[in-house]
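Novice: Sequence below, structure please.
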Amino acid sequence: MNTLTPLKRAGLIAALVFLWGISWSIYKLALDYTPPLLFAGLRTLGGGVLLMLILLPRRRLIRWRDNWKAYTISAILNVVLFYGLQTLGLLYMPSGLFSVLVYLQPVLVGLFAWMWLGESMSPLKIIGLILGFAGVISVSAGGFSGHVAVIGVVLALVTALSWALGTVYIKKANQKVDALWMVAFQCTLGGLVLTASGSATESWAAITWNAPYLIGLIFGIIFGIALSWIIYFTLVGAGDASKVASYTFLVPLLSVFIGTLLLHEPFTWFLLLGLVLIGISIYLVNRKPRIVNMRP
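Specialist: Model prediction:
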């Protein structure tokens with residue numbers, strides 16, 4: 001397993017939360033000028049191709065014959081299902097409620113990592129994960145208005161499930177597969193599927209090639225997909241998956257803050273409550289148990 005210094009780990013976590021947090025506002029502006037599935041497909045495919053070009057000097061580490069199943073499973077869980085179902089689900093329910101259900105993911109990661117990876121699970125950790133989820137609910141409380149269809153709830157829950165399974169699977173496969181090539185193939189294969197699906201169900205003519213769209217697409221390719229997934233799986237590979245996942249509770253919080261500052265969305269007391277709950281959650285999940293000295 002790769003190891004990270006506390007300073008490097010903190011820097012990577014801060015970078016990841018920042019990139020994923022600002023991406024929601026950037027994508028929200030870009031989606032006014034593009035069909036959603038094509039947008040998801042092009043940015044993931046572009047991110048995967050960019051990574052492959054950068055990683056060409058390390059191509060000996062691909063070992064396609066040995067690793068193609070891992071690349072394919074990762075692409076299905078972390079890109080095709082995660083981005084595809086997320087895009088479809090937003091058509092059936094408010095974005096606030098949808099994000100709450102998707103951010104059940106850290107709780108599921110904690111459960112799956114305990115079941116399949118042998119990571120520790122304590123009462124404080126369980127309480128921390130539940131408080132973090134409650135914090136996400138509080139942060140997203142303003143988005144609970146509007147029509148909610150059962151299919152939307154199902155899609156949101158399956159989105160969370162696919163992301164959680166993808167995280168645990170990557171952690172398990174990390175010992176045999178090069179992490180960078182895993183991200184590159186995950187994005188490229190998944191991006192191909194999403195782009196093909198978008199081409200079949202949406203119109204390329206509906207894309208407006210203006211500044212907001214191009215900024216969203218370029219940001220997504222370089223930072224939202226390629227760089228952020230590398231950071232995420234570097235952190236997962238270097239530590240407990242459940243601890244890393246707990247920090248993703250901060251993403252919707254930062255997203256709402258940015259929406260308040262840049263998109264003039266309202267600031268509420270629910271946001272402040274969410275900040276407190278998420279802070280307590282991260283502390284409890286990452287708190288090291290005290291070692292009791294039994295010697296006299």
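Novice: Show me the shaky parts of the stretch 101-250 of the chain.
Specialist: Along the stretch 101-250 of the chain, segments meeting pLDDT under 70 span 139-149.
Novice: and with 50 instead?
Specialist: Residues of the stretch 101-250 of the chain meeting the criterion pLDDT under 50: none.
Novice: Strands of the stretch 101-250 of the chain, residue ranges please.
Specialist: Secondary structure of the stretch 101-250 of the chain (DSSP state E, counting those that start in this stretch): no strands present.
Novice: so how far is residue 253 from the nearest residue to residue 187 once chain neighbours are set aside?
Specialist: Among residues not flanking residue 187 along the chain, residue 48 sits closest, at 3.1 Å (Cβ to Cβ, 6 or more residues apart in numbering). All C-beta atoms are positioned from the backbone trio N, CA, C, and that covers glycine. Distance, residue 48 to residue 253, by Cβ to Cβ, to the nearest Å: 29 Å.
Novice: rewinding a little: just the element for the residue nearest to residue 187, please.
Specialist: Residue 48 belongs to helix 36-55 when assigned by DSSP states H and E.
Novice: what about residue 18, neighbour count?
Specialist: Residues near residue 18, counting by other Cβ atoms under 10 Å, number 16.
Novice: Stretch 60-67 spans what distance, first to last residue?
Specialist: 12 Å (Cα to Cα, to the nearest Å).
Novice: likewise stretch 53-62?
Specialist: 13 Å.
Novice: How about stretch 107-125?
Specialist: 10 Å.
Novice: ok, and for it, which residues are buried?
Specialist: 107, 108, 109, 110, 111, 112, 113, 114, 119, 125 (16 or more other Cβ atoms under 10 Å).
Novice: close enough to count as contact, the first one and residue 133?
Specialist: Yes. Using Cβ atoms under 8 Å as the test, residue 107 is close enough to residue 133 to be in contact (5.5 Å).
Novice: Name the next helix or strand downstream of the helix holding residue 48, please.
Specialist: Taking DSSP H and E, what comes next after helix 36-55 is helix 64-75.
Novice: name the helices or strands packed onto the helix holding residue 48?
Specialist: helix 82-89, helix 179-201, helix 211-219 (3 or more Cβ pairs under 8 Å, 6 or more residues apart in numbering; DSSP states H and E).
Novice: which of the residues in that helix are buried?
Specialist: 36-52, 55.
Novice: Could you give the separation of it from the chain centroid?
Specialist: 16 Å (Cα atoms, centre = their mean, to the nearest Å).
Novice: distance of residue 37 from residue 210?
Specialist: 19 Å.
Novice: Correction: the previous question concerned residue 132.
Specialist: 38 Å.
Novice: which residues touch the residue nearest to residue 187?
Specialist: For residue 48, the contacting residues are 183, 184, 185, 186, 187, 188, 189, 190, 191, 225, 226, by Cβ atoms under 8 Å, 6 or more residues apart in numbering.
Novice: what's the closest of those to residue 244?
Specialist: residue 183 (15.0 Å; Cβ to Cβ).
Novice: so what's the closest one up against?
Specialist: 48, 51, 226, 229, 230, 233.
Novice: can I assume residue 86 is in contact with residue 158?
Specialist: No. Judged on Cβ under 8 Å, residue 86 makes no contact with residue 158 at a distance of 9.8 Å.
Novice: one step back: so if I had to pick from residue 132 and residue 210, which one is more boxed in?
Specialist: residue 132 (29 against 12).
Novice: The residue nearest to that one when sequence neighbours are not counted sits in which helix or strand?
Specialist: Spatial nearest neighbour of residue 132, chain neighbours left out: residue 281 (3.2 Å); criterion: Cβ to Cβ, 6+ apart. Assessed by DSSP H and E, residue 281 sits inside helix 269-286.
Novice: So which elements touch that helix?
Specialist: helix 123-139, helix 241-247, helix 250-262.
Novice: Now do the same contact list for the residue lying closest to residue 173 once chain neighbours are set aside.
Specialist: Closest residue in space to residue 173, ignoring its immediate chain neighbours: residue 70 at 4.7 Å, by Cβ to Cβ, 6+ apart. Shown in contact with residue 70 (Cβ under 8 Å, 6+ apart): 173, 176, 177, 182.
Novice: With residue 86 instead?
Specialist: 40, 98, 102, 155, 159.
Novice: related to what we said a few turns ago, ok, the buried residues of stretch 107-125 vs residue 26, which is closest?
Specialist: residue 109 (25.5 Å).
Novice: Next, count neighbours for the closest residue to residue 93 other than its chain neighbours.
Specialist: Sequence neighbours aside, residue 152 is the residue nearest to residue 93 in space, at 3.4 Å (criterion: Cβ to Cβ, 6+ apart). When counting by other Cβ under 10 Å, one arrives at 20 neighbours for residue 152.
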